[in-house]
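Visitor: one predicted model, sequence on top.
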Amino acid sequence: MAVPAGVASQRVADELRERILAGRLAPGTRIIQDELADELNTSRLPVREALRILESRGLVTLRANQGARVTSMDVRECELSYKIRERLEPLLLAESAPRLSDEDIDAMTAVQERIEATEDVEEFLVLDRRLHWAVYQHDDAGDLAATVNRLWDTTQHYRRAFTRLAGERRRWIINGEHRLLIQALRDRDHTSAEHILELHIRRTRVELVKHPELFVP
């Protein structure tokens with residue numbers, strides 16, 4: 001039975017997104033449609049549609065006569081993405097926090113304990129994202145969440161590079177801020193939680209832009 005075109009396109013888009021976020025396709029990497037179609041055993045149409053899906057999410061750049069490439073950022077673009085996150089994510093937290101249960105917060109603590117126990121960058125990136133989105137899990141603001149999710153995706157490569165560069169030097173700060181955030185949520189002090197989250201994102205932005213070498217193609 002033939003797979004519907006829309007389903008096939010989404011399957012290809014999901015596979016490409018996973019490769020980009022996992023770092024297997026770096027910013028600037030050219031995506032050759034024929035090769036990808038052969039690899040994934042599909043036609044060019046689902047691949048073309050998948051690339052349009054990923055372009056709308058900021059992960060792929062399409063240019064006439066140049067084909068598709070994984071989107072890359074310069075320092076200014078990344079800094080602006082983090083500034084937007086500083087303002088939007090506290091709003092997302094405010095939408096979700098009143099609905100967080102004690103069990104939800106216990107689960108966040110368990111994730112944070114796993115973060116503190118790992119020295120693997122890839123595992124840290126997965127767990128860090130899981131923790132943040134656990135905070136936002138009860139939001140009722142679909143467009144806002146979609147925008148924030150896009151910002152997380154498009155800056156993933158640079159977050160990975162910075163995490164590798166910073167190593168243990170910043171790990172204790174990250175863990176401390178995570179613990180403060182979780183405690184504020186447990187205390188139902190949502191205003192403090194918003195301020196802690198904003199500071200947490202800002203601190204990463206300030207440190208990240210000190211390393212322009214991370215943005216060299």
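Guide: Structure's in. What do you need?
Visitor: let me know the pLDDT of H138.
Guide: The model reports H138 with a pLDDT of 95.
Visitor: now it: phi and psi?
Guide: Per-residue torsions, H138: phi -110, psi 20 (degrees, to the nearest 10).
Visitor: okay, now it: neighbour count?
Guide: 14 (other CB atoms under 10 Å). Heads up, the C-betas are built off the backbone N, CA and C, glycines and all.
Visitor: how close does it get to R129?
Guide: Look at H138 and R129: by CB to CB, to the nearest Å, they are 17 Å apart.
Visitor: mind listing the strands for the chain?
Guide: Along the chain, counting by DSSP state E, strands occupy 30-31, 60-63, 67-70.
Visitor: how far is the last one from where the chain is centred?
Guide: To tie it back to what came earlier, the one meant is strand 67-70. Computed by CA atoms, centre = their mean, to the nearest Å, the chain-centroid distance of strand 67-70 equals 20 Å.
Visitor: and the second one, by the same measure?
Guide: Offset of strand 60-63 from its chain centre (CA atoms, centre = their mean): 19 Å.
Visitor: find the nearest non-adjacent residue to G6, please.
Guide: Sequence neighbours aside, E49 is the residue nearest to G6 in space, at 7.8 Å (criterion: CB to CB, 6 or more residues apart in numbering).
Visitor: does the one you found touch R11 like I think?
Guide: No: using CB atoms under 8 Å, E49 is not in contact with R11; the gap is 10.7 Å.
Visitor: okay, now the closest residue to S192 other than its chain neighbours: neighbour count?
Guide: Nearest non-adjacent residue to S192, counting by CB to CB, 6+ apart: A184, 4.4 Å away. For A184, the neighbour count with other CB under 10 Å is 20.
Visitor: domain map for the protein?
Guide: Here the domain parsing of the chain from automatic domain parsing is 5-70, 75-215.
Visitor: contacting residues for M73?
Guide: M73 makes contact with P27, S81, T154, T155, Y158, F215, according to CB atoms under 8 Å, 6 or more residues apart in numbering.
Visitor: please repeat the previous calculation with a cut-off of 7 Å.
Guide: With CB atoms under 7 Å, 6 or more residues apart in numbering as the criterion, the residues that contact M73 are P27, Y158, F215.
Visitor: quick one on the thing from earlier: the residue nearest to G6: neighbour count?
Guide: E49, neighbours per other CB under 10 Å, totals 17.
Visitor: residues near A13, how many?
Guide: Neighbours of A13 (other CB under 10 Å): 22.
Visitor: I'd say it and R52 touch.
Guide: No: contact criterion CB atoms under 7 Å: A13 and R52 do not qualify, at 8.8 Å.
Visitor: pull up the gap between the residue most central in space within the chain and E103, please.
Guide: In the chain, the residue lying closest to the centroid (CA atoms, centre = their mean) is W152, at 2.6 Å. Separation of W152 from E103 (CB to CB) stands at 25 Å.
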